[in-house]
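Got a sequence here, can you build the structure:
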Amino acid sequence: MRKIINIVISIVILLSALFIGKYIIDSQKKIVPKSDLIVQKVFVDTVLNKTLPVVITANGNLVALKKVELYAEVQGVLQSTGKLFREGQRYKAGEALLKLDASEFYASVQSQKSSFYNLIASVMPDLILDYPQFSGKWQTYLSNFDIDKSVPKLPEITSEQERLFLAGRNVISTFYNVKNLEERLSKYILRAPFSGILTETLVTEGTLVRSGQKMGEFIDPGVYELGVSVNKSFAEFLKIGEVVKLHNINKTQVFEGKVVRINPRVDLNSQTIKVYISVAGETLKEGLYLEASIKGEDIENVIEVPRSLLRDDKQLFVVRDSILDLMEVTPVYFGDQRVIIKGVPDGTKIISKSIPGAYAGMLVQILAE
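Below you'll find the model as predicted:
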């Protein structure tokens, strides 16, 4: 009986151990969730190749097309011309900008003119006796001579004898000496070469101005030039006469300019070329910062996409049978925000918006915009 009881107890213990073990094993099993197939939703554009212009953006500061720096060629005290020599003062073409005190030099010129008159008068008796055929025109010249006016041009010398006679009496050399003094006297008054405005003044009335001293700067505010640096690789797209759109930094003002010059020399440091744009406008000012959109030559069979869609500067994501794929493309022109590319056949569906984590082979679903 005791053996039977022991066997029963052993069986019960064994069965209990089996049940407990199974319960523990079952409780440790992890339920693996069934994975769903992820489909990325995308926006696409259908490619249609067309002819597009290359629009090159650049910027720079305006410089007056007509601009002169005013320097003194003679020495003297600056005098008033009726207008204050100050920045912002306007002058018409030919109007006196500056006037230096020339009283001492003027007296010297008058003295030389008087000496020249006396010289001609002294040779007239010999000229009448030796060469009476030439005396008439020289007598007329002497009669019309006015010391208060510019020395008139010498009568035409028609004979070698006449020339030798006058040269021997120093008439010709004295005439040119006097004309040289008159030319120097004219430099005491500096006149406006064109209608414009003073943008810089370094002297004031009463200042002693020395020869070679800079006195100011004078510009024509009607026409300006914008010099911009453009990458040398874009040189083939530029041409003289092309209309250019210009705008200020805030894009509140728009102007129209024209490409007037292209410097073919490439800057060694920046590898750029200089393009000059002519522009006019009442609101323009020298030094104003402008951005230019230069339209270059047209390129056929290309498309334009955002630069963010281009991968490694040579690949583009396309959709083929609901699967993403990478296509090799040829970039033609890189702008600030967009890029012109060729090599994409018409009808190809390309991604129109960037997809985070996109890769070739990704399953996608096309959405309408």
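
what residues are up against Q315?
326-329 (C-beta atoms under 8 Å, 6 or more residues apart in numbering). All C-beta atoms are positioned from the backbone trio N, CA, C, and that covers glycine.

neighbour-wise, which of those leads?
Highest neighbour count within these, by other C-beta atoms under 10 Å: V329, with 21 neighbours.

pretty sure V332 contacts G343?
No: judged on C-beta atoms under 8 Å, V332 makes no contact with G343 at a distance of 9.4 Å.

returning to that earlier point: of all the contacts of Q315, which comes closest to A167?
For these, the minimum distance to A167 (C-beta to C-beta) is 82.7 Å, reached by V329.

From V344, how far off is that closest one?
Distance of V329 to V344, computed by C-beta to C-beta, to the nearest Å: 6 Å.

Now do the shared contacts for those two.
Contact with both V329 and V344 is made by residues L316, according to C-beta under 8 Å, 6+ apart.

follow-up on the earlier one: if we take the contacts of Q315, which one ends up nearest to L198?
V329 (55.9 Å).

Could you check how far the strand ranked longest in the chain is from the centre of its chain?
Secondary structure of the chain per DSSP state E: the longest strand is strand 289-306. Strand 289-306 has its average C-alpha position 18 Å from the chain's average C-alpha position, going by C-alpha atoms, centre = their mean, to the nearest Å.

Going along the chain, name the helices of this structure.
2-27, 103-130, 132-143, 160-168, 171-186 (DSSP state H).

Now the third one: average pLDDT?
Average pLDDT, helix 132-143: 89.

what angle sits between it and helix 103-130?
Interaxial angle, helix 132-143 versus helix 103-130 (axes from the mean of the first three to the mean of the last three C-alpha atoms, to 10 degrees): 160 degrees.

Please save the CA atoms from helix 132-143 in CSV.
C-alpha atoms of helix 132-143 as CSV (Å, rounded to 0.1, in the frame of the first residue of the first chain):
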residue,chain,number,x,y,z
PRO,A,132,55.9,144.2,-99.6
GLN,A,133,53.8,141.4,-101.1
PHE,A,134,53.3,140.0,-97.5
SER,A,135,53.0,143.2,-95.6
GLY,A,136,49.3,143.7,-96.2
LYS,A,137,48.0,140.7,-94.3
TRP,A,138,50.4,141.3,-91.4
GLN,A,139,49.3,145.0,-91.2
THR,A,140,45.7,143.7,-91.0
TYR,A,141,46.7,141.2,-88.3
LEU,A,142,48.3,144.0,-86.3
SER,A,143,45.3,146.3,-86.7
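
Nearest residue to V279 in space, please, no chain neighbours.
G257 (3.6 Å; C-beta to C-beta, 6 or more residues apart in numbering).

Now do the contacts for the one you found.
For G257, the contact set (C-beta under 8 Å, 6+ apart) comprises 226, 243-246, 277-279, 292.

Which neighbouring elements make contact with the worst-scoring helix or strand of the chain on mean pLDDT?
Scoring the helices and strands of the chain by mean pLDDT, DSSP states H and E places helix 2-27 at the bottom, with a mean of 75. On a contact count with 3 or more C-beta pairs under 8 Å, 6 or more residues apart in numbering; DSSP states H and E, helix 2-27 meets no helix or strand.

how deep is F43 tucked in, by neighbour count?
Neighbour tally, F43, other C-beta under 10 Å: 12.

I'd like the distance between it and L367.
For F43, the distance to L367 equals 6 Å [C-beta to C-beta].

Domain map for the protein?
Domains of the chain are assigned by automatic domain parsing as 42-50+300-367, 56-64+221-298, 67-101+188-219, 104-186.

Tell me the span between the first and last residue of the last one.
Looking back up the chat, that one is domain 104-186. 14 Å (C-alpha to C-alpha, to the nearest Å).

quick thing: my sequence starts at 13, can you match it?
Shifting the count to begin at 13 puts that one at domain 116-198.

Identify all residues paired with K62 through a beta bridge.
V314 (DSSP bridges).

how many neighbours does it have?
13.

same check, this time on R222
10.

Enumerate every residue touching S147.
Per C-beta under 8 Å, 6+ apart, neighbours of S147: 136, 139-140.

again, only using 6 Å
The contact partners of S147, taken as C-beta atoms under 6 Å, 6 or more residues apart in numbering, are 139-140.

F187 versus that one, what's the distance?
Taking C-beta to C-beta, one finds S147 at 18 Å from F187.

swap in S92?
Taken as C-beta to C-beta, the span from S92 to F187 is 34 Å.

ok, these two, which is more surrounded?
Legend: neighbour count by other C-beta under 10 Å for S92 and F187, higher for F187 (18 against 11).

Quick one, grab the pLDDT at that one.
At F187, the pLDDT value in this model is 94.

can you list the weak-confidence ranges in the stretch 213-362 of the chain?
Within the stretch 213-362 of the chain, no range satisfies pLDDT under 70.

and the residue nearest to the spatial centre of the chain, what does it touch?
For the chain, the residue nearest the mean C-alpha position is G239 (1.6 Å; C-alpha atoms, centre = their mean). Counting by C-beta under 6 Å, 6+ apart, G239 touches 72, 286, 288.

list the buried ones in stretch 289-308?
289, 291, 293, 296, 298, 300, 302-304, 306-308 (16 or more other C-beta atoms under 10 Å).

before we move on, what about stretch 237-246?
237-238, 240-242, 246.

re the thing from before, out of the contacts of Q327, who's nearest D113?
Closest approach between these and D113, by C-beta to C-beta: V341, at 74.3 Å.

I figured that closest one hits V351, correct?
No: using C-beta atoms under 6 Å as the test, V341 is too far from V351 to be in contact (9.3 Å).

all strands of the stretch 163-312 of the chain, in order?
Here the stretch 163-312 of the chain has its strands, by DSSP state E, counting those that start in this stretch, at 201-203, 208-213, 220-221, 226-231, 235-243, 255-260, 266-275, 284-292, 301-318.
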